[in-house]
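Q: What shape does this take:
(chains A and B)
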Amino acid sequence: MDAGSKSASPTRRLLLLAAAGFGFTSLAVPAAATTTAMEEAIRALTGEAVINRGKVKLELPPIVENGNTVALTVSVESPMTEADHVASIHIFNQKNPQPYVAAFHLAPRAGKAAVSTRIRLTDSQRVIAIARLGDGSFWSDSADVIVTLAACVEG
Amino acid sequence: MARVLINLPAQATRGEVIEIKTLLAHPMETGYRVGPTGTAIPRDIINRFVCSYNGAELFRAELFPAIAANPFIAFFTVATESGELAFSWTDDHGETQTEVRRITVE
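A: Numbering: from 1, shown residues only, chains lettered A, B, ... in the order given. Presented below is the predicted three-dimensional model:
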(Lines give C-alpha, C1' and ligand atoms only; values in the text may rest on other atoms or scores of the structure.)
Protein backbone atom coordinates (compact mmCIF):
# COMPACT_ATOMS: atom_id res chain seq x y z
CA MET A 1 0.00 0.00 0.00
CA ASP A 2 2.69 2.35 1.14
CA ALA A 3 4.94 1.32 -1.71
CA GLY A 4 2.07 1.81 -4.13
CA SER A 5 1.49 5.40 -3.13
CA LYS A 6 5.21 6.09 -3.32
CA SER A 7 5.43 4.79 -6.88
CA ALA A 8 2.34 6.75 -7.87
CA SER A 9 3.62 10.13 -6.74
CA PRO A 10 6.28 10.67 -9.44
CA THR A 11 3.66 9.85 -12.06
CA ARG A 12 1.31 12.42 -10.59
CA ARG A 13 4.11 14.98 -10.59
CA LEU A 14 4.86 14.23 -14.23
CA LEU A 15 1.19 14.55 -15.13
CA LEU A 16 1.01 17.92 -13.42
CA LEU A 17 4.12 19.03 -15.25
CA ALA A 18 2.68 17.84 -18.53
CA ALA A 19 -0.59 19.67 -17.84
CA ALA A 20 1.30 22.86 -17.03
CA GLY A 21 3.27 22.40 -20.23
CA PHE A 22 0.17 22.00 -22.33
CA GLY A 23 -1.34 25.17 -20.88
CA PHE A 24 1.77 27.05 -21.79
CA THR A 25 1.98 25.79 -25.35
CA SER A 26 -1.69 26.43 -26.00
CA LEU A 27 -1.08 30.07 -25.08
CA ALA A 28 1.93 30.38 -27.34
CA VAL A 29 0.89 28.19 -30.24
CA PRO A 30 -2.57 28.52 -31.76
CA ALA A 31 -2.47 25.16 -33.50
CA ALA A 32 0.07 22.39 -33.67
CA ALA A 33 0.71 20.68 -36.97
CA THR A 34 -1.27 17.50 -37.21
CA THR A 35 -0.77 14.38 -39.26
CA THR A 36 -3.00 16.02 -41.89
CA ALA A 37 -0.77 19.10 -41.99
CA MET A 38 2.26 16.85 -42.44
CA GLU A 39 0.56 14.92 -45.24
CA GLU A 40 -0.38 18.19 -46.96
CA ALA A 41 3.20 19.42 -46.72
CA ILE A 42 4.46 16.14 -48.16
CA ARG A 43 1.89 16.25 -50.98
CA ALA A 44 2.93 19.84 -51.76
CA LEU A 45 6.42 18.46 -52.36
CA THR A 46 5.68 15.20 -54.13
CA GLY A 47 2.40 15.96 -55.90
CA GLU A 48 0.81 12.75 -57.12
CA ALA A 49 4.09 10.85 -57.27
CA VAL A 50 4.42 7.52 -55.47
CA ILE A 51 6.62 7.60 -52.39
CA ASN A 52 8.63 4.38 -52.21
CA ARG A 53 10.02 2.96 -49.03
CA GLY A 54 13.68 2.06 -48.85
CA LYS A 55 17.03 3.51 -49.96
CA VAL A 56 16.71 6.25 -47.31
CA LYS A 57 17.96 5.72 -43.78
CA LEU A 58 16.79 8.17 -41.10
CA GLU A 59 18.71 7.96 -37.86
CA LEU A 60 17.29 9.52 -34.70
CA PRO A 61 17.68 8.49 -31.07
CA PRO A 62 14.58 6.44 -30.05
CA ILE A 63 14.30 8.28 -26.72
CA VAL A 64 15.14 11.97 -26.50
CA GLU A 65 15.69 13.63 -23.14
CA ASN A 66 15.78 17.18 -24.48
CA GLY A 67 13.59 18.05 -27.44
CA ASN A 68 15.51 21.28 -28.01
CA THR A 69 18.38 19.50 -29.73
CA VAL A 70 17.88 16.15 -31.36
CA ALA A 71 20.68 14.83 -33.56
CA LEU A 72 19.38 13.63 -36.91
CA THR A 73 21.20 11.94 -39.77
CA VAL A 74 19.75 11.04 -43.15
CA SER A 75 21.69 8.91 -45.60
CA VAL A 76 20.55 7.65 -48.98
CA GLU A 77 21.95 4.71 -50.92
CA SER A 78 23.09 6.28 -54.16
CA PRO A 79 26.16 6.19 -56.41
CA MET A 80 25.87 10.01 -56.74
CA THR A 81 26.62 10.17 -60.48
CA GLU A 82 25.03 12.50 -63.05
CA ALA A 83 22.70 9.70 -64.14
CA ASP A 84 21.72 8.51 -60.67
CA HIS A 85 21.93 10.90 -57.77
CA VAL A 86 19.94 12.37 -54.91
CA ALA A 87 18.66 15.85 -55.77
CA SER A 88 17.18 16.77 -52.41
CA ILE A 89 16.35 15.46 -48.95
CA HIS A 90 13.32 16.76 -47.05
CA ILE A 91 12.48 16.30 -43.37
CA PHE A 92 8.94 16.43 -41.98
CA ASN A 93 7.47 16.03 -38.51
CA GLN A 94 4.04 15.21 -37.20
CA LYS A 95 3.38 17.42 -34.16
CA ASN A 96 5.57 20.53 -34.19
CA PRO A 97 3.76 23.82 -34.96
CA GLN A 98 5.06 23.53 -38.53
CA PRO A 99 5.34 20.22 -40.36
CA TYR A 100 8.42 21.18 -42.42
CA VAL A 101 11.78 20.82 -40.67
CA ALA A 102 14.32 21.32 -43.44
CA ALA A 103 15.15 20.77 -47.09
CA PHE A 104 18.66 19.95 -48.30
CA HIS A 105 19.63 20.24 -51.95
CA LEU A 106 22.54 18.12 -53.12
CA ALA A 107 24.59 17.90 -56.29
CA PRO A 108 26.21 14.80 -57.83
CA ARG A 109 29.58 16.11 -56.68
CA ALA A 110 28.55 15.53 -53.06
CA GLY A 111 29.99 12.04 -53.49
CA LYS A 112 27.93 10.69 -50.64
CA ALA A 113 24.25 11.43 -50.03
CA ALA A 114 24.21 12.02 -46.29
CA VAL A 115 23.28 15.02 -44.16
CA SER A 116 23.37 15.57 -40.39
CA THR A 117 21.73 18.31 -38.38
CA ARG A 118 20.04 18.97 -35.05
CA ILE A 119 16.31 19.55 -34.79
CA ARG A 120 13.65 20.51 -32.26
CA LEU A 121 10.78 18.22 -31.31
CA THR A 122 7.83 19.45 -29.32
CA ASP A 123 6.37 16.05 -28.50
CA SER A 124 6.80 12.32 -28.97
CA GLN A 125 6.11 11.85 -32.65
CA ARG A 126 7.05 10.45 -36.02
CA VAL A 127 9.68 12.08 -38.21
CA ILE A 128 9.78 11.40 -41.94
CA ALA A 129 12.65 11.86 -44.38
CA ILE A 130 11.92 11.97 -48.11
CA ALA A 131 14.59 11.93 -50.79
CA ARG A 132 13.98 13.10 -54.34
CA LEU A 133 16.24 11.40 -56.84
CA GLY A 134 17.56 12.90 -60.07
CA ASP A 135 15.01 10.85 -62.06
CA GLY A 136 12.12 12.40 -60.09
CA SER A 137 11.28 9.39 -57.92
CA PHE A 138 10.70 9.74 -54.17
CA TRP A 139 11.98 7.46 -51.42
CA SER A 140 11.30 7.71 -47.72
CA ASP A 141 12.01 6.46 -44.25
CA SER A 142 10.43 7.30 -40.91
CA ALA A 143 11.38 7.13 -37.25
CA ASP A 144 9.31 7.29 -34.09
CA VAL A 145 10.79 9.34 -31.29
CA ILE A 146 9.81 9.57 -27.63
CA VAL A 147 10.52 13.03 -26.21
CA THR A 148 10.64 13.45 -22.44
CA LEU A 149 11.35 17.20 -22.31
CA ALA A 150 9.67 19.06 -25.13
CA ALA A 151 11.14 21.95 -27.07
CA CYS A 152 9.32 25.31 -26.92
CA VAL A 153 7.72 24.63 -23.53
CA GLU A 154 10.72 25.66 -21.47
CA GLY A 155 13.17 28.50 -22.06
CA MET B 1 28.91 38.76 -36.84
CA ALA B 2 28.08 35.53 -35.22
CA ARG B 3 30.68 33.00 -34.29
CA VAL B 4 31.21 30.20 -36.79
CA LEU B 5 32.77 26.76 -36.57
CA ILE B 6 33.70 25.09 -39.83
CA ASN B 7 35.41 21.74 -39.82
CA LEU B 8 36.92 20.39 -43.03
CA PRO B 9 40.31 18.84 -43.84
CA ALA B 10 42.92 21.40 -44.96
CA GLN B 11 44.38 18.80 -47.32
CA ALA B 12 42.80 15.98 -49.28
CA THR B 13 43.70 13.59 -52.06
CA ARG B 14 41.94 14.03 -55.40
CA GLY B 15 38.65 12.12 -55.56
CA GLU B 16 38.42 11.66 -51.81
CA VAL B 17 34.99 12.11 -50.22
CA ILE B 18 35.37 14.59 -47.39
CA GLU B 19 32.93 15.56 -44.67
CA ILE B 20 32.24 19.22 -43.98
CA LYS B 21 30.72 20.22 -40.64
CA THR B 22 29.40 23.70 -40.00
CA LEU B 23 27.92 25.43 -36.99
CA LEU B 24 26.78 29.02 -36.61
CA ALA B 25 26.03 30.66 -33.24
CA HIS B 26 22.41 31.77 -33.61
CA PRO B 27 19.37 31.57 -31.27
CA MET B 28 17.00 30.37 -34.05
CA GLU B 29 14.07 32.03 -32.32
CA THR B 30 11.00 30.08 -33.42
CA GLY B 31 8.34 32.78 -33.03
CA TYR B 32 6.26 30.37 -30.93
CA ARG B 33 7.72 31.32 -27.55
CA VAL B 34 6.26 33.89 -25.18
CA GLY B 35 8.49 36.51 -23.57
CA PRO B 36 8.39 37.75 -19.98
CA THR B 37 5.75 40.38 -20.84
CA GLY B 38 3.38 37.77 -22.26
CA THR B 39 3.82 38.76 -25.88
CA ALA B 40 5.23 36.39 -28.48
CA ILE B 41 8.94 36.71 -29.21
CA PRO B 42 9.22 37.49 -32.94
CA ARG B 43 10.65 34.83 -35.21
CA ASP B 44 14.32 35.18 -36.11
CA ILE B 45 15.95 32.19 -37.74
CA ILE B 46 18.57 31.32 -40.31
CA ASN B 47 16.38 30.24 -43.20
CA ARG B 48 19.00 29.53 -45.83
CA PHE B 49 22.47 28.01 -45.95
CA VAL B 50 24.57 27.68 -49.09
CA CYS B 51 27.98 26.12 -49.63
CA SER B 52 29.84 26.62 -52.88
CA TYR B 53 33.09 25.07 -54.06
CA ASN B 54 35.13 27.40 -56.28
CA GLY B 55 31.99 29.33 -57.15
CA ALA B 56 29.81 26.34 -58.03
CA GLU B 57 26.95 25.55 -55.67
CA LEU B 58 27.62 22.33 -53.84
CA PHE B 59 24.98 22.20 -51.13
CA ARG B 60 21.97 24.29 -50.18
CA ALA B 61 19.60 24.04 -47.22
CA GLU B 62 16.25 25.65 -46.48
CA LEU B 63 15.71 25.77 -42.74
CA PHE B 64 12.52 26.12 -40.69
CA PRO B 65 11.96 26.91 -36.98
CA ALA B 66 12.28 23.20 -36.13
CA ILE B 67 16.05 23.44 -36.58
CA ALA B 68 17.73 23.66 -33.19
CA ALA B 69 19.53 26.78 -31.95
CA ASN B 70 23.10 27.16 -33.26
CA PRO B 71 22.30 25.38 -36.53
CA PHE B 72 24.66 22.47 -37.17
CA ILE B 73 24.81 21.09 -40.70
CA ALA B 74 27.16 18.36 -41.87
CA PHE B 75 27.44 17.08 -45.44
CA PHE B 76 29.92 15.54 -47.90
CA THR B 77 31.71 16.45 -51.07
CA VAL B 78 34.30 15.02 -53.44
CA ALA B 79 37.61 16.87 -53.23
CA THR B 80 38.13 17.69 -56.90
CA GLU B 81 40.54 20.61 -56.95
CA SER B 82 42.35 23.04 -54.71
CA GLY B 83 40.47 26.21 -54.02
CA GLU B 84 37.97 27.93 -51.82
CA LEU B 85 34.81 26.76 -50.14
CA ALA B 86 32.39 29.56 -49.33
CA PHE B 87 29.73 29.13 -46.67
CA SER B 88 26.87 31.60 -46.29
CA TRP B 89 24.01 31.81 -43.84
CA THR B 90 21.01 34.10 -44.44
CA ASP B 91 18.63 35.15 -41.66
CA ASP B 92 15.03 36.38 -41.63
CA HIS B 93 16.16 40.00 -42.00
CA GLY B 94 17.93 39.12 -45.23
CA GLU B 95 21.39 39.55 -43.76
CA THR B 96 24.01 37.13 -44.99
CA GLN B 97 27.19 36.06 -43.28
CA THR B 98 29.81 34.45 -45.50
CA GLU B 99 32.93 32.55 -44.45
CA VAL B 100 35.61 31.18 -46.75
CA ARG B 101 37.93 28.21 -46.13
CA ARG B 102 40.76 27.01 -48.36
CA ILE B 103 41.40 23.41 -49.26
CA THR B 104 44.48 21.91 -50.92
CA VAL B 105 43.87 18.88 -53.11
CA GLU B 106 46.78 16.78 -54.36
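
Q: pretty sure B:Leu23 contacts B:Ala68?
A: No: shown here, B:Leu23 and B:Ala68 do not form a contact pair, counting by CB atoms under 8 Å, at 10.5 Å. Any C-beta I mention is one placed from the backbone N, CA and C, and that applies to glycine too.

Q: The two: who's more crowded?
A: B:Ala68 (20 against 16; other CB atoms under 10 Å in any protein chain shown).

Q: what's the spacing between that one and A:Thr81?
A: 33 Å (CB to CB, to the nearest Å).

Q: A:Ile91 now?
A: As judged by CB to CB, A:Ile91 and A:Thr81 stand 24 Å apart.

Q: ok, now B:Gly35?
A: B:Gly35 is 50 Å from A:Thr81, by CB to CB.

Q: ditto for B:Gln11
A: Relative to A:Thr81, and taking CB to CB, B:Gln11 is found at 26 Å.

Q: again with A:Ile89
A: 17 Å.

Q: B:Val50 too?
A: 23 Å.

Q: out of those two, which sits in the busier spot?
A: B:Val50 (17 against 9).

Q: Near residue 43, how many other residues are there?
A: The chain I'm using is chain A. 12.

Q: oops, chain B please
A: Residues near B:Arg43, counting by other CB under 10 Å: 14.

Q: I figured it hits B:Asp92, correct?
A: Yes: at 6.3 Å, B:Arg43 counts as touching B:Asp92 under the criterion of CB under 8 Å.

Q: centroid residue for chain A?
A: A:Val127 (2.9 Å; CA atoms, centre = their mean).

Q: How about the residues of chain A by chain B?
A: A:24, A:27-29, A:68-70, A:93, A:96-98, A:100-107, A:109-121, A:151-152 (CB under 8 Å from any CB of the partner chain).

Q: what's in contact with stretch A:132-142?
A: A:45-46, A:49-58, A:74, A:76, A:78, A:82-90, A:108, A:126-131 (CB atoms under 8 Å, 6 or more residues apart in numbering or on different chains).
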